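Asks: model the following, please.
(chains A and B)
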Amino acid sequence: DPKIIQKPKYLVAVTGSEKILICEQYLGHNAMYWYRQSAKKPLEFMFSYSYQKLMDNQTASSRFQPQSSKKNHLDLQITALKPDDSATYFCASSQDQGGSDYTFGSGTRLLVI
Amino acid sequence: QQQVRQSPQSLTVWEGETAILNCSYEDSTFDYFPWYHQFPGESPALLIAIRPVSNKKEDGRFTIFFNKREKKFSLHIADSQPGDSATYFCAASAQTGGYKVVFGSGTRLLVSP
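Replies: Alright, predicted model coming up:
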C-alpha cells in the first residue's frame, strides 16, 4: 500500500486556472514538504510543515499556497497557473525536520497549456 | 550559503567499474548527508546517508566518503550494474533549526553492459 498518496497522478490545466494537489501520508510522520522537479531545476524545495505549522517557504510567488487540514495532510493550491508551472510536484514527509530521512510520494505531473 | 554542488552532471561507466559521484557544501551547520536515487518515472528514494562523526559509510556496493575539513562527500558505487542506471542526488540538512533538506542538482548515471 502506498504510504504517501498524491492525487491526481497527472493533471492538465489551462493557463490562468486554479488547481489543488492532494497529499496524504500514513507514516505517522510529523513533518511534510513540497518539492518541485523540472528539467530546469531538479528537486527544488517549496515548503516545509512541522506539526501543521509552516516552517519554511522558499516559493517566491504567493500563487502557491500550502493547506494543512490535518497533521497527515498537506495540499498545494496553485492559482493563476502559468505554463512555467509545468513540472512534477512531489510531496514528502519525515519523522521530524532536519536530519530525518524523507519518503517521497509518487508525484503529480502538472502540464499547463 | 545553503547550497549543495554536485558533479558530474552525467556519468557513463562500464558494467563492473566503480562510479564516483561528487558533492560539496558550504554551510557548516549541515550535519546529515543523504544520497537519493531516482529511476525514470519514479520518485526519489533514500539510498544511503552519513553523519560527520564518521568519514565513511558502507552499504553493500554503495559507499559514502566524507571529508569534513574540505566540506566534500562522494558516493562510490562499486561493481556497477546496468540496474544502477538512475539519477543520483546528494543532499544535506541540519538537525537543529528545522532546516529543510537541500538537494544537489543530480548526476545522471548510465551503466553500460
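
Asks: would you mind checking which helix or strand in the chain has the lowest mean pLDDT?
Replies: Chain wasn't specified; assuming chain A. strand A:53-57 (a mean of 85; mean pLDDT, DSSP states H and E).

Asks: was after chain B, sorry
Replies: strand B:102-103 (a mean of 90).

Asks: give me the beta-bridge partners of residue 88?
Replies: Going with chain A. A:Gln37, A:Arg109 (DSSP bridges).

Asks: let me rephrase: I mean chain B.
Replies: Note on B:Tyr88: beta-bridge partners B:His37, B:Thr107, judged by DSSP bridges.

Asks: ok, residue 72 - contacts?
Replies: All of this is about chain A. By Cβ atoms under 8 Å, 6 or more residues apart in numbering or on different chains, A:Asn72 lies in contact with A:Glu24, A:Gln25, A:Tyr26, A:Gly28, A:His29, A:Met32. Placement of C-beta: from N, CA and C, glycine included.

Asks: the chain in question should be chain B.
Replies: Neighbouring residues of B:Lys72 by Cβ under 8 Å, 6+ apart: B:Asn22, B:Cys23, B:Ser24, B:Phe66.

Asks: what is the next helix or strand after the least confident helix or strand of chain A packed up against?
Replies: As assigned by DSSP states H and E, the chain's next helix or strand after strand A:53-57 is strand A:64-67. Applying 3 or more Cβ pairs under 8 Å, 6 or more residues apart in numbering or on different chains; DSSP states H and E, we find strand A:64-67 packed against strand A:44-50, strand A:75-78.

Asks: what residues sit buried inside strand A:64-67?
Replies: In terms of neighbour count (16 or more other Cβ atoms under 10 Å in any protein chain shown), strand A:64-67 has its buried residues at A:Phe64, A:Pro66.

Asks: can I get the CA coordinates of that strand in CSV?
Replies: The C-alpha coordinates for strand A:64-67 follow below in CSV (Å, rounded to 0.1, in the frame of the first residue of the first chain):
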residue,chain,number,x,y,z
PHE,A,64,1.4,28.7,-4.4
GLN,A,65,-0.4,28.2,-1.1
PRO,A,66,0.0,25.0,1.1
GLN,A,67,-3.0,23.9,3.1
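
Asks: any weak-confidence spans in chain B?
Replies: Within chain B, the stretches with pLDDT under 70 are B:1-2, B:96-99.

Asks: let's see it at 50
Replies: Applying pLDDT under 50 to chain B flags no residue at all.

Asks: which parts of it are strands?
Replies: Taking DSSP state E to define them, one finds strands in chain B at B:4-7, B:10-14, B:19-25, B:33-38, B:45-50, B:56-59, B:62-67, B:72-77, B:86-92, B:102-103, B:107-112.

Asks: does any part of the first one sit near chain A?
Replies: No. Strand B:4-7 lies apart from chain A when judged by Cβ under 8 Å from any Cβ of the partner chain; the minimum separation is 9.6 Å.

Asks: so which elements touch that strand?
Replies: Going by 3+ Cβ pairs under 8 Å, 6+ apart, strand B:4-7 lies up against strand B:19-25, strand B:86-92.

Asks: is the first one in proximity to chain A?
Replies: Going back to what we said before, that points to strand B:19-25. No. Judged by Cβ under 8 Å from any Cβ, strand B:19-25 and chain A are separated, with a smallest distance of 13.3 Å.
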